[in-house]
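K.L.:
Could you work out the structure for the sequence below:
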Amino acid sequence: MSSPDQITHWRETVFARLVQIVLVLGVCTAVPSVIASAREGLWGIMVLDVIAPVWLFMLWRFEDLVSYGARALQFLLLLFGIGVALILQVGPVAYTYLMAVPCLAALLLGLKPAIWLLLAGGLTILVTGFLPMTPPVAATLTSNAALGATVFALNYWLVAGILTFSCGVLLRHLARSLSEGEQLAFYDPLTSLPNRRLLLDRLGKLLASSERQQVFSAVMFVDLDRFKTINDARGHATGDTLLQLAGERLAQLVRKSDTVARIGGDEFVVLLAHLAPDLAAAGIAAQQVAEKIRAALAQDFEIDGQFYACSASIGVTLLPKFGQSADDLLREADTAMYRAKGAGRNGIAYFETTMQAEVERRLTLERELAQAIEQERLHMAYQPQFDCQGRLHGAELLMRWERDDGSMVSPAIFIPLAEEVGLIVPLGMWALKQACLAQQRMAAQGLALPLSVNVSPQQFRQADFVQQVRSTLQEHDVEPALLILEVTEGLLVEKLEETVARMNQLAAMGVRFSIDDFGTGYSSLAYLKRMPLYELKIDRSFIMDMPDDANDVVIVQTILAMAAQMHLRVVAEGVETQAQADFLAAHGCHALQGYLLGRPAPLPALLDLLSAQAALSAKMPGTSAA
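P.N.:
Residues are numbered from 1 along each chain as shown. Alright, predicted model coming up:
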């Protein structure tokens, strides 16, 4: 609701109550006035006393049939007419009626109509001063009727003007304050776009009008894909400017009847009103607008001479739908947006009923995962790593989750879920603890083997991460060199200096680092010489088509050659064929990991494998464990 509407609503409320009060008082005073007027022969006043209450009653009773402005104007003209009639009948004492008219006009209609009625009142006093009637009170000041009328008119303009302008100015300041309050309450202060509160109000009205007119409209949920990366890397000032520019682009792409709102962070919502009377045509129209939005936001943003790429994921749902509220529609568009983001970002997705089922399954999975972490109902599998001579080189800890119904949840599902809902930090600390417990069991049997544990960027960036690692190693009395922390290249995108400093602290303790999924990231290779790395892990995507795929062969050979020059060990993941293993061994790969050599298995299986190797080494002095 805008401030002018609020002022109008306030005026209508005041006027409705005022008419009721004046009607009651008018009836109470009209009855004795009619009796007195009839006795004195003042027939004009008697008629006026009858007409005025009837007129007021009609203004009150039939308020729905006549506009507020017309009723207020009639009320003021009625008072003005009563004042003029009384002046002609009983003299200047009736000037008080004319005094009230412009003041009420300022309250009920505004300052401009009040000024016109103020001028009319003064002119009425001047004109009636020349008419033969009861001598005015001003006659005590002068015998000149014109001069007396002028004195009355000037004093009327002075006093009534003060009251009228006071009321008018007060209402203008009130309207301005309401406008400023409205800006804060209903609009986003950064982009000046409608906020969530105003969006829901407009969406509710759009839903009602779409149902009434039997025409389809659309809700679009727009999320900027790389905003957080830019905001964290370049600062909030750049991020704020990016949001402003994105809001401007969105506003330029829609009609005046549509709405673009920012509901928080990098999330925008677009309402497309009354697209088409049939569902198919409305879907096509919404798709066209969504594509324009996607293309516009995919173009680089220039901020302080720098260009930033920031695409958008867009979710779309159509309305009206039976029994749905504004919140339901907004949730559908949000669900569709996450489908677009999950499909690779910079895309458009429509809401489907199956999406809602997926959301409900996701919420259930989220609750169960939190319980599983808290109750330590997940378990670890250990996938061995072998050198090219077949000796056990190390092992990677891989999380496994079996639900209460016996079904297994893939790490490809619950690890990203944990990252999104903030469970990855406790999950990562649980994994670190499991690695230390495994080292304790090996030490109890006189065995030792480096274990690799994945660390998410969220976990690594915790302020107390270094202390957590130190405390966990000390608590379980584990040699730091037996712990290898696997990090991804994505960790290095933000706050590189802080990341390198933290890695150096851990390396000083003896902890070693491995770059997981090497070659799939998008950061510069310049970081390699700055980081205290122990090994690189070649991603399985480069291994699966070797040695038949020439491109993969070149990539793998390049990684191996670079690692050799930098004195880094290399582990190849996803080795499933003997041809792959032979090629990697021939080109100097240090260790192999994959189903060809060993599948992930519980810790006892790894301990048996390690014990067998230790026994073989004891029988054959010429061999040694890795």
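K.L.:
Quick one: find the helix or strand in this protein with the lowest mean pLDDT.
P.N.:
In the chain, the helix or strand scored least confidently by mean pLDDT, DSSP states H and E is helix 145-186, which has a mean of 69.
K.L.:
any idea which helix or strand comes after that helix?
P.N.:
helix 196-213 (DSSP states H and E).
K.L.:
What is the three-state secondary structure of residue 517?
P.N.:
Counting by DSSP: H, G, I helix; E, B strand; the rest coil, the backbone at residue 517 sits in strand.
K.L.:
could you check the distance from it over to residue 591?
P.N.:
To residue 591, residue 517 is 16 Å away according to C-beta to C-beta, to the nearest Å. Quick note: C-beta positions are derived from backbone N, CA and C, even for glycine.
K.L.:
Now the residue nearest the centre of the chain. Nearest residue, chain neighbours left out?
P.N.:
Nearest to the mean C-alpha position of the chain, counting by C-alpha atoms, centre = their mean, stands residue 264 at 2.6 Å. Closest residue in space to residue 264, ignoring its immediate chain neighbours: residue 196 at 7.0 Å, by C-beta to C-beta, 6 or more residues apart in numbering.
K.L.:
Kindly report the same for residue 297.
P.N.:
Using C-beta to C-beta, 6+ apart, the nearest residue to residue 297 is residue 312, at 4.1 Å.
K.L.:
Who has more neighbours out of residue 517 and residue 591?
P.N.:
Taking other C-beta atoms under 10 Å, residue 517 and residue 591 do not tie; residue 591 has more neighbours (24 against 19).
K.L.:
Just the pLDDT at the more buried one, thanks.
P.N.:
As summarised for this prediction, residue 591 has a pLDDT of 94.
K.L.:
So it is in contact with residue 573, correct?
P.N.:
No: in this structure residue 591 lies outside contact range of residue 573 using C-beta atoms under 8 Å: 9.9 Å.
K.L.:
can you give me the strands in the stretch 1-150 of the chain?
P.N.:
Counting by DSSP state E, counting those that start in this stretch, the stretch 1-150 of the chain has no strands at all.
K.L.:
ok so, going back, please list all residues in contact with the residue nearest to residue 264.
P.N.:
261, 263, 264 (C-beta atoms under 8 Å, 6 or more residues apart in numbering).
K.L.:
How much space separates the last one from residue 246?
P.N.:
The one in question is residue 264. For residue 264 relative to residue 246 (C-beta to C-beta), the value is 14 Å.
K.L.:
Not counting sequence-adjacent ones, nearest residue to residue 245?
P.N.:
Per C-beta to C-beta, 6+ apart, closest to residue 245 is residue 301, 5.2 Å.
K.L.:
So what pairs up with the one you found in the strands?
P.N.:
residue 308 (DSSP bridges).
K.L.:
now it: how far from residue 239?
P.N.:
Taking C-beta to C-beta, one finds residue 301 at 11 Å from residue 239.
K.L.:
Same drill for the two, tell me which one is more crowded.
P.N.:
residue 239 (24 against 20).
K.L.:
For my notes, confirm that one occurs in a helix.
P.N.:
Yes: counting by three-state DSSP, residue 239 is part of a helix.
K.L.:
Run through the residues that contact it.
P.N.:
227, 230, 231.
K.L.:
Does the last one touch residue 238 like I think?
P.N.:
Right, residue 231. Yes: with contact defined as C-beta under 8 Å, residue 231 counts as touching residue 238 (7.1 Å).
K.L.:
which of these two has more neighbours?
P.N.:
residue 231 (21 against 17).
K.L.:
May I have the secondary structure class of the more buried one?
P.N.:
helix.
K.L.:
What segments of the stretch 501-626 of the chain are helices?
P.N.:
Assigned by DSSP state H, counting those that start in this stretch, the stretch 501-626 of the chain shows helices spanning 550-565, 578-586, 603-619.
K.L.:
Those helices: lowest mean pLDDT?
P.N.:
helix 603-619 (a mean of 87).
K.L.:
Check which helices and strands that helix is in contact with.
P.N.:
strand 379-387, strand 392-402, helix 424-444 (3 or more C-beta pairs under 8 Å, 6 or more residues apart in numbering; DSSP states H and E).
K.L.:
what sits up against it?
P.N.:
Against helix 603-619 from outside (C-beta under 8 Å, 6+ apart): 380, 382, 384, 391-392, 395, 438, 441-442, 445-447, 449, 598, 623-625.
K.L.:
Could you rerun that using 7 Å?
P.N.:
380, 382, 384, 391-392, 395, 438, 441-442, 445, 447, 449, 623-625 (C-beta atoms under 7 Å, 6 or more residues apart in numbering).
K.L.:
what's the farthest-apart pair in the residues you listed?
P.N.:
In terms of C-beta to C-beta, those reach their longest pairwise distance at 380 and 623, which sit 28.6 Å apart.
K.L.:
what about those two, which has more around it?
P.N.:
Neighbours around residue 380 and residue 623, counted as other C-beta under 10 Å, are more numerous at residue 380. The numbers are 21 against 12.
K.L.:
can you give me the helices for the stretch 201-350 of the chain?
P.N.:
With DSSP H, counting those that start in this stretch as the criterion, the stretch 201-350 of the chain has helices spanning 227-234, 236-252, 279-298, 326-342.
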